[in-house]
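Peer 1: here's a sequence, model it:
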Amino acid sequence: MSRVIVAGCGIAGLTAALRLSGRHTVTLVTKGRIGESNTEWAQGGIAGVIGPDDTVDSHIADTLTAGAGHCDPEAVRTLCEAGGDAIVSLAEAGVDFDTDPTGAWARGMEGAHSYPRIFHSGGDATGRAISTALAEKLRAEAAAGRVTLLEDTMLVDILTSENEHRPVRATGITVLRNGRMETLTADAVVLATGGAGQLFAHTTNPAAATGDGLAAAIRAGAEVADLEFFQFHPTALPGPGFLISEAVRGAGALLLDEQGRRFMYEVDDRAELASRDVVALALHRRQAAQDGRPCFLDARAIPNVEAKFPSITAGLAAHGLALSRDLIPVTPAAHYFMGGVATDRDGRTSVEGLFAIGEVACTGVHGANRLASNSLVEGAVFAARAVDAIDAQSTHTNDADLAFEDSVNHELPLPQFGSFHQTALTRTELQALTWAHLGVERTAVGLRTLLDRLGEGARNHRDHDSGSASNGARGEDRSTTPAVPSVKALETANLALIAEHMARHALAREHSLGAHTRTDTTLTSHTALLQEATAC
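Peer 2: Numbers count the residues shown, from 1 in each chain. Predicted coordinates:
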């Protein structure tokens, strides 16, 4: 039996913790309350092959096509072959999937899929249904003493050790809890901390999506991959970033410019159901041609549209809008991180004992552009595989390897905040810069501007810290009893670190691919087509 820490409580983290429960000593850490995650916000469904008229090979082909040739084919096959069973397991865990008039599970269509293979619960509340069911089971495991649940506990860093006989390995984590920095030791650490949508001024992600696990992995020396690939969802409400699911377009909604003209057929034969990179870029450029004024989603012709999408209906009503009555203004917004901590197909990272699953991981499944509704199923499938790998690891671990201190909380000497990426930029300033230079379209000049601003902020912080430390006793006091940084300060430091790494990855990839669009270099064929179409 191993001591395992799972950080994060979306579909990946909850699946891992539940499968580990009873066989290992499990601690689940979450920054907010259990169930508060990107999973809970997911309006779209979960993709998988169930039924005789669809095939795994078709799901594989659709995923590879959406990924723009940048996917790991074996990881994609792993996902698609296991997807159906993962969905069945969720139903067994209490997720009540929607049914058609025959009583069979209803299957929806979404962009870039060849067959209807999207399963929903509560219409547009699939993520909430999954999160609620798994969180209830996790709370039951915690009540039975099989899982230790630490809510309102922020992952700060990953503890590592190394010696001449073995590589760097994860030995636990540091957390910010009840205003104190504490440490938790473990034989395996599973990152399931989700994405980093709060890096951008416009995002569909909740406030907690600040990339804490990815930033901690970078500081721990773990390999990362594909950080230039961040998916922008085409249809979010301008301002609040409220998501209007791709399922609405799958049901027949159209995209219109400010003149009320449908324009997606000028860009792609799949029109509104083209892959997200194509639709987001087309919307972005059409809006630019309209001096920044929004395009519109027209769902008025969909029968019983508000009954089909109750959560979206309620969300829009709060802004005085109705799917059945109004043209809904929409704009692209940061939605999903395809890149992340590089893993194998069992969630292992380059740091021994450190696993990553869900959005924080880069499994190679999504490539340069995620296929709609593949994220929830990826979290479930690769969480299960990571648990199997941890089981195997524990059976081959000898006593000498487990010679760590007991798995209890200890208050640490409070670390200097200088160990984190420093920036003089406010969160709002950082988000505006990343939207301008790491957003839907990118240039080398813009990316270098962002890096210069980030570097300038770090220098300003170092100069300020140096000046403060030279003030006699006050400086000495600061070095021995540093203040505990706030959650928001830690989050902003994490976002700044991720922005730097993303910008360097985006600068290195000089050609456009999938969700990464460079406008200052040779254009890909679909980008050239978009430029031509939106110039009309």
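
Peer 1: okay, now the domains of this protein?
Peer 2: Using automatic domain parsing, the domains assigned to the chain come out as 3-42+124-228+338-411, 235-331, 417-483+485-534.

Peer 1: quick check: phi and psi on residue 119?
Peer 2: Torsion angles at residue 119 (phi, psi; degrees, to the nearest 10) stand at phi -100, psi 140.

Peer 1: tell me, how many residues neighbour it?
Peer 2: 26 (other CB atoms under 10 Å). Yep, even glycine has a C-beta here, placed from its N, CA and C like the rest.

Peer 1: got it, and residue 440?
Peer 2: For residue 440, using other CB under 10 Å, the count is 25.

Peer 1: so of the domains of the chain, which one's packed in deepest?
Peer 2: Most buried of the domains of the chain, by mean neighbour count (mean count of other CB atoms under 10 Å): domain 3-42+124-228+338-411, with a mean of 22.

Peer 1: if we can go back for a sec, how about the domains of the chain, which one is nearest residue 111?
Peer 2: Each of the domains of the chain has some distance to residue 111 by CB to CB; the shortest is domain 235-331, at 4.3 Å.

Peer 1: re the thing from before, could the domains of the chain go into a markdown table alongside mean pLDDT and distance to residue 114?
Peer 2: Listed next are these as a markdown table, based on pLDDT from 0 to 100; distance: least, CB to CB, whole Å:
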| stretch | mean pLDDT | distance to residue 114 |
| --- | --- | --- |
| domain 3-42+124-228+338-411 | 92 | 11 |
| domain 235-331 | 94 | 11 |
| domain 417-483+485-534 | 77 | 19 |
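
Peer 1: kindly reformat these as TSV containing distance to residue 50.
Peer 2: Shown next, in TSV, are those (distance: least, CB to CB, whole Å):
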stretch	distance to residue 50
domain 3-42+124-228+338-411	11
domain 235-331	17
domain 417-483+485-534	28
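
Peer 1: center of this structure - which residue?
Peer 2: Residue closest to the mean C-alpha point of the chain, counted by CA atoms, centre = their mean, is residue 195 at 2.8 Å.

Peer 1: helix/strand/coil for that residue?
Peer 2: Taken by DSSP: H, G, I helix; E, B strand; the rest coil, the conformation at residue 195 corresponds to coil.

Peer 1: switch to numbering from 16
Peer 2: Sure, I'll start counting at 16 from here, so that last one is residue 210.

Peer 1: tell me the contacts of it?
Peer 2: The neighbourhood of residue 210, defined by CB atoms under 8 Å, 6 or more residues apart in numbering, consists of 53, 220, 224, 226, 351-352, 374-375.

Peer 1: state the distance from it to residue 61.
Peer 2: Per CB to CB, to the nearest Å, residue 210 is found 17 Å from residue 61.

Peer 1: same thing with residue 402?
Peer 2: According to CB to CB, residue 402 and residue 61 sit 19 Å apart.

Peer 1: and residue 366, by the same measure?
Peer 2: Per CB to CB, residue 366 is found 30 Å from residue 61.

Peer 1: over to residue 357?
Peer 2: Taking CB to CB, one finds residue 357 at 24 Å from residue 61.

Peer 1: could you do residue 271 as well?
Peer 2: Remark: distance between residue 271 and residue 61 (CB to CB) = 29 Å.

Peer 1: re earlier: nearest to residue 96, of the domains of the chain?
Peer 2: Using CB to CB, the nearest of the domains of the chain to residue 96 is domain 18-57+139-243+353-426, at 8.9 Å.

Peer 1: now find how far off-centre the closest one is within its chain.
Peer 2: Centroid separation between domain 18-57+139-243+353-426 and its chain, computed with CA atoms, centre = their mean, to the nearest Å, is 12 Å.

Peer 1: residues in contact with residue 516?
Peer 2: By CB under 8 Å, 6+ apart, the residues touching residue 516 are 233, 239, 242.

Peer 1: quick check, nearest of the residues you listed to residue 466?
Peer 2: Ranked by distance to residue 466 (CB to CB), those are led by residue 242 at 13.5 Å.

Peer 1: for the closest one, give me phi and psi.
Peer 2: phi -70, psi -10.

Peer 1: do I have it right that it meets residue 354?
Peer 2: Yes. With contact defined as CB atoms under 8 Å, residue 242 reaches residue 354; the gap is 4.0 Å.

Peer 1: common neighbours of those two, please.
Peer 2: Common contact partners of residue 242 and residue 354 (CB under 8 Å, 6+ apart): 517, 520.

Peer 1: ranges for the helices of the stretch 316-465 of the chain?
Peer 2: 320-323, 325-332, 389-410, 442-453, 459-484 (DSSP state H, counting those that start in this stretch).

Peer 1: what's the fourth one in contact with?
Peer 2: This points to helix 442-453. 213-217, 245, 349, 438, 440, 458, 461-462, 464-465, 468, 503, 506-507, 510-511, 514, 517-518, 521.

Peer 1: cutoff 7 Å now
Peer 2: 214-217, 438, 461-462, 464-465, 468, 507, 510-511, 514, 517-518, 521 (CB atoms under 7 Å, 6 or more residues apart in numbering).

Peer 1: please compute how far that helix lies from its chain's middle.
Peer 2: Distance, centroid of helix 442-453 to centroid of chain: 18 Å (CA atoms, centre = their mean).

Peer 1: next: the second one.
Peer 2: Taking the mean C-alpha point of helix 325-332 and that of its whole chain, the gap between them comes to 23 Å (CA atoms, centre = their mean).
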